[in-house]
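>>> Build me a model:
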Amino acid sequence: MPQAPTVLTARRLYDGSRLHDHPIVVLDGGRIASISTRAETAAPAGARILDFPEATLAPSFFDIHIHGAAGHDVMEATPEALAAIGAFLASRGTACFLSTTVTAPIDATLRAVAGLARIIGRRGNQAAPSTTAAVPLGIHLEGPFLSHAKRGVQPAEHLLEPDIALFDRIFDAAEGHVRLITLAPELPGAPQLAAHATARGVRVSLGHSNATAAETRAAIAAGTTSATHTFNAMRPLDHREPGILGTVLTDDSLFAELICDGIHSAPEIARLWWRAKGPDRAILVTDAMSATGMPDGEYRLGGLTVQVADGRATCDGVLAGSVLTLDRALSNFLAFTGATLEQGLRLLTGNPAALTGFEAETGSLVPGSLANLVAVTPDGHLAASFLNGIPVSFSVLDF
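Residues are numbered from 1 along each chain as shown. Purely as a prediction, here's the structure:
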């Protein structure tokens, strides 16, 4: 017997491009059957109605920089690890992500991307209607072509200069599922690798870098399109040599990530980043590692041992990823900057989709698309999360 459709109503709907007042969204068979307003239509007879009278409905979130969660690291590259990560992310409003590697021995990297490719290929770019876990749409390579001077916790012994042949080995082992790579533009051969990766459909992001402004501009001319966790692991801003940071903040062609947890960058810096990049180029990410969603303790980030206490993840005293979730990044961003909810939502839906080229899979709500959506409060807190039309989580807040 067919199941009755579910109807979501709310104060507003952000569909990925504009706001609608008093929406009625009909979910059926794991997809969005229709979107209308209360003035236009009534809910179907017999439908299950879920009302969020003070909330805004929006596309589920897309995290393009995440290493793990729920006690697992993406470099485990097993179905069990990715399922646990995906289940946790779904409960926090995220429907898809880029599995992000860290610098490691090349054999370990090749094994990881091959395992991730099998998982991505099996699931495809869209979740099955019964799936209630976030799915990896592709791979983000954070290393090994990074700066020693700005490596953060990336292991120095495994950092390498850009090598097109090695990149191709990794790309082929990943069966073409590498969608983003972080690259230090000052390294010898970086512009050449940026141009080559771009030609293969990979987006190149500037990061872990001590580059000058001229070195950064050369990489941008070669095809780079984004910046990785802006401010972190970057040459500091100088008024005579603006370096990579000054270039990233003033080049309107570049997207730019921010880890908006109040730890990796202060609220004042979040406001500076927002004023520089604006609603078209800013992207919120988590850089989350395996401790996300877990109690304080000792966890893994790739091959590193990380200590987590009071919301801070460190390895030998250096920040080592985060325990941030995108729903908290959104509420922090609104509180730090005074941006509107509509502006904030774009930073973890449409903008990451536009950067990575996954607009057909995520970032908007239209009839026929997968019913991956969230309800968020006016101050950006998560009220509910739906994957493929299935309720995954509800806030304790009373709606």
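>>> Go ahead and list the helix or strand containing Thr182.
Assignment of secondary structure by DSSP states H and E places Thr182 within strand 178-183.
>>> Tell me the neighbouring strands of that strand, and mark each as parallel or antiparallel.
Using DSSP bridges, the neighbouring strands of strand 178-183 in the sheet come out as strand 135-142 (parallel), strand 203-206 (parallel).
>>> looking at these, which is closest to Glu175?
strand 135-142 (9.7 Å; Cβ to Cβ). In this view, the C-beta of every residue, glycine as well, is placed from N, C-alpha and C.
>>> Which is the succeeding secondary structure element to the closest one?
helix 164-173.
>>> roughly how far is that following helix from the heart of the chain?
Going by Cα atoms, centre = their mean, to the nearest Å, the spacing between the C-alpha centre of helix 164-173 and its chain's C-alpha centre is 23 Å.
>>> what's the angle from it to strand 135-142?
Angle between the axes of helix 164-173 and strand 135-142 is 170 degrees (criterion: axes from the mean of the first three to the mean of the last three Cα atoms, to 10 degrees).
>>> partners of the longest strand belonging to the chain, with directions?
In the chain, taking DSSP state E as the definition, the longest strand is strand 48-59. Taking DSSP bridges as the criterion, strand 48-59 sits next to strand 6-14 (parallel), strand 373-376 (antiparallel) in its sheet.
>>> next structured bit after it?
Counting by DSSP H and E, the element after strand 48-59 in chain order, helix or strand, is strand 61-66.
>>> Compute the first-to-last residue distance for stretch 233-247.
Separation of the first and last residues of stretch 233-247 by Cα to Cα, to the nearest Å is 15 Å.
>>> which residues sit against that stretch?
Counting by Cβ atoms under 8 Å, 6 or more residues apart in numbering, stretch 233-247 makes contact with 147, 150-152, 185, 206-213, 215-217, 220, 227, 230-231, 248-250, all of which sit outside it.
>>> Go through the strands paired with strand 178-183 and name the closest to Gly16.
For Gly16, the closest of the strands paired with strand 178-183 is strand 135-142, at 16.3 Å, according to Cβ to Cβ.
>>> got the angle for that closest one vs strand 61-66?
Interaxial angle of strand 135-142 relative to strand 61-66 (the same axes, to 10 degrees): 30 degrees.
>>> re earlier: buried residues in whichever helix or strand comes after the strand holding Thr182?
Sequence-wise, the next helix or strand beyond strand 178-183 is helix 190-199, with elements assigned using DSSP H and E. For helix 190-199, burial by neighbour count (16 or more other Cβ atoms under 10 Å) applies to 190-191, 193-198.
>>> same thing with stretch 355-374?
Of the residues in stretch 355-374, those scored as buried under the neighbour-count criterion (16+ other Cβ under 10 Å) are 355-356, 358, 361-365, 369-374.
>>> gap between the two ends of it?
Counting by Cα to Cα, the length from the leading to the trailing residue of stretch 355-374 is 21 Å.
>>> As TSV, the strands paired with strand 48-59 with distance to Glu257 and mean pLDDT would be great.
Supplementary listing: the strands paired with strand 48-59 in TSV, determined by distance: least, Cβ to Cβ, whole Å; pLDDT from 0 to 100:
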stretch	distance to Glu257	mean pLDDT
strand 6-14	21	96
strand 373-376	20	98
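>>> May I ask which helix or strand of the protein has the lowest mean pLDDT?
In the chain, no helix or strand scores lower on mean pLDDT, DSSP states H and E than strand 390-394, which sits at a mean of 88.
>>> Please name every helix or strand in contact with that one.
helix 79-91, strand 382-387 (3 or more Cβ pairs under 8 Å, 6 or more residues apart in numbering; DSSP states H and E).
>>> if you compare those, which one is most tucked away?
Per residue and on average, the most neighbours among the helices and strands packed on strand 390-394 fall to strand 382-387, with a mean of 26 (mean count of other Cβ atoms under 10 Å).
>>> What lies in contact with it?
Counting by Cβ under 8 Å, 6+ apart, 8, 27, 50, 52, 55, 60, 90-93, 95, 127, 131-134, 327, 371-377, 391-395, 397, 399 sit against strand 382-387.
>>> Adjacent strands (with direction) for it?
Applying DSSP bridges to the sheet, strand 382-387 is found paired with strand 373-376 (antiparallel), strand 390-394 (antiparallel).
>>> what about Ala42, neighbour count?
10 (other Cβ atoms under 10 Å).
>>> Ok, Arg275 next?
11.
>>> And what about it, helix, strand or coil?
Recorded secondary structure, Arg275: helix (DSSP: H, G, I helix; E, B strand; the rest coil).
>>> pLDDT value on it, please?
With respect to pLDDT, Arg275 scores 98.
>>> Please apply the same query to Leu397.
Each residue has a pLDDT score; the one for Leu397 is 42.
>>> Could you list the buried residues of stretch 158-176?
Within stretch 158-176, judged by 16+ other Cβ under 10 Å, the buried ones are 158-159, 162, 166-167, 170-171, 173-174, 176.
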